[in-house]
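> Sequence plus the predicted model coming up.
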Amino acid sequence: MAITKKHVGLSAAGAVLAGVLVSHWEGMSTVAEHLPFDPPGVVTVCGGITNYDWPWLKVGDVVPKEDCQKALQEAAERYADKVVVCVPSLPTMPPHRQAAIASFAVNLGPAKVCNTSIGRDLNAGRVKEACDAMVKYVNANGEFLQGLYNRRTNAMWGERPWCLRED
């Protein structure tokens, strides 16, 4: 019998939604590559899995799409587990909010939730302020990226609008 780790940061619905949200924004390249906006030495595959997640990953590695989908959902759960340490109410939040916070953490790391006004506002019950603060994070390597702005603000798929949802 296989033993699996129980994730505490997301509900089942939140985990599925987070996997969908992350793959929507990150895309689904199955060939590992260094992206121009990533820091030196970072290799990315599956639209968001990096060599921080998989230390063995190197440029040119090919990952089946099904493995990518599973990896993105697992990454969202793993990052949410780190966020729940600083935002204990995460598992009780509406699934779309859980997904938005997990997607944000996958994109920028859990510290951008835990060590900023986002985490402080969530803990204080200031949901709107926390969700609004996500929009500040639209730069990479000091440059504005329209794709990050879209990821944060898009009316249908944006992290901020999902964060504000009550379902």
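In hand now; what should we look at?
> Could you use CA atoms for every contact and neighbour count after this?
Noted.
> Show me what the helix ranked longest in the chain is packed against.
Across the chain, the helix with the greatest residue count (assigned by DSSP state H) is helix 65-86. Contacts defined by 3 or more C-alpha pairs under 8 Å, 6 or more residues apart in numbering; DSSP states H and E place helix 65-86 against helix 12-26, strand 49-50, helix 95-108, helix 111-114.
> Make CSV from the ones you listed and add distance to Pro64 and mean neighbour count to it.
Listed next are the helices and strands packed on helix 65-86 as CSV, based on distance: least, C-alpha to C-alpha, whole Å; neighbours: other C-alpha atoms under 10 Å:
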stretch, distance to Pro64, mean neighbour count
helix 12-26, 14, 21
strand 49-50, 13, 20
helix 95-108, 20, 26
helix 111-114, 30, 19
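> Mind exporting the C-alpha coordinates of the longest helix of the chain to CSV?
What follows is helix 65-86, C-alpha atoms only, in CSV (Å, rounded to 0.1, in the frame of the first residue of the first chain):
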residue,chain,number,x,y,z
LYS,A,65,2.0,16.2,-20.4
GLU,A,66,0.2,14.0,-17.9
ASP,A,67,3.1,14.2,-15.5
CYS,A,68,3.2,18.0,-16.0
GLN,A,69,-0.5,18.3,-15.0
LYS,A,70,0.1,16.2,-11.9
ALA,A,71,3.3,18.1,-11.0
LEU,A,72,1.5,21.5,-11.2
GLN,A,73,-1.3,20.5,-8.9
GLU,A,74,1.3,18.9,-6.5
ALA,A,75,3.4,22.1,-6.6
ALA,A,76,0.3,24.2,-5.8
GLU,A,77,-0.4,21.9,-2.8
ARG,A,78,3.2,21.9,-1.7
TYR,A,79,3.4,25.7,-1.8
ALA,A,80,0.0,26.1,-0.1
ASP,A,81,1.3,23.8,2.7
LYS,A,82,4.1,26.4,3.3
VAL,A,83,1.6,29.3,3.2
VAL,A,84,-0.7,27.7,5.7
VAL,A,85,2.1,28.0,8.3
CYS,A,86,1.8,31.8,8.1
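> re the thing from before, can I get the helices and strands packed on helix 65-86 in JSON lines with mean pLDDT?
Formatted as JSON lines, the helices and strands packed on helix 65-86 follow (pLDDT from 0 to 100):
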{"stretch": "helix 12-26", "mean pLDDT": "87"}
{"stretch": "strand 49-50", "mean pLDDT": "90"}
{"stretch": "helix 95-108", "mean pLDDT": "95"}
{"stretch": "helix 111-114", "mean pLDDT": "98"}
